[in-house]
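Colleague: Just to be clear, the model below is a prediction. Sequence and coordinates:
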Amino acid sequence: MFRGFLADGFAARSGDLAPVERFEVAASVPVSLDDDVERAADHLRPWIALYVGGMGAKGANFHRNAVDLLGYSDAADEIQDLYLAGRKEEAARAVPTALVEDVALVGPAEKIAAELPRWEASAVTTMLLQADADAVRTVVGAAAATGLLTR
């Protein structure tokens, strides 16, 4: 979907602008490294609950809208209702693991390495890793091992 939006925007440009190939799409990608996927996801659930349920207003939340586009409208309704009712821990528990996995890299190093090609297939050209130094080294090592750093 975003590739289509970008293509439409590039087609509408005029003037002497940088080539499309030099356009970067940067995404902040949280990383939670743990041998247990659920435990890794648990570290990020409160953050996702805040963005989905507590940012903006009930009818005007960019982050919530992005989660809707990913197919999590029902979960987002519950998260937002709980968060706005002040039940933040319950809101965090309502964040599905699949949602965490769609917006972050979570779990053991092998799983994260296996998921990197999915990110490369997206419109994202630059990943801004939100992680501690060990997790960053793990992701960079996995990207190097799969050849993603040379592309």
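Modeller: Great, that's in hand. Numbers count the residues shown, from 1 in each chain.

Colleague: Where does pLDDT dip in this protein?
Modeller: The model of the chain has pLDDT under 70 over residues 18, 149-151.

Colleague: spatially speaking, which residue is in the middle of it?
Modeller: The centroid of the chain falls nearest to residue 103 when counting by CA atoms, centre = their mean (2.5 Å).

Colleague: which non-adjacent residue is nearest residue 37?
Modeller: residue 107 (4.1 Å; CB to CB, 6 or more residues apart in numbering). Yep, even glycine has a C-beta here, placed from its N, CA and C like the rest.

Colleague: ok, now residue 10?
Modeller: Residue 10 sits nearest to residue 20 (CB to CB, 6+ apart), 5.1 Å away.

Colleague: Surely the residue nearest to the centre of the chain is in contact with residue 48?
Modeller: Yes - with contact defined as CB atoms under 8 Å, residue 103 counts as touching residue 48 (7.0 Å).

Colleague: so what secondary structure elements neighbour the helix or strand hosting residue 8?
Modeller: Taking DSSP states H and E as the definition, residue 8 sits inside helix 2-12. Here helix 2-12 touches no other helix or strand, going by 3 or more CB pairs under 8 Å, 6 or more residues apart in numbering; DSSP states H and E.

Colleague: Can you get me the centre-to-centre distance for it and its chain?
Modeller: Taking CA atoms, centre = their mean, to the nearest Å, the mean C-alpha location of helix 2-12 is offset from the chain mean by 21 Å.

Colleague: Done for today, thanks.
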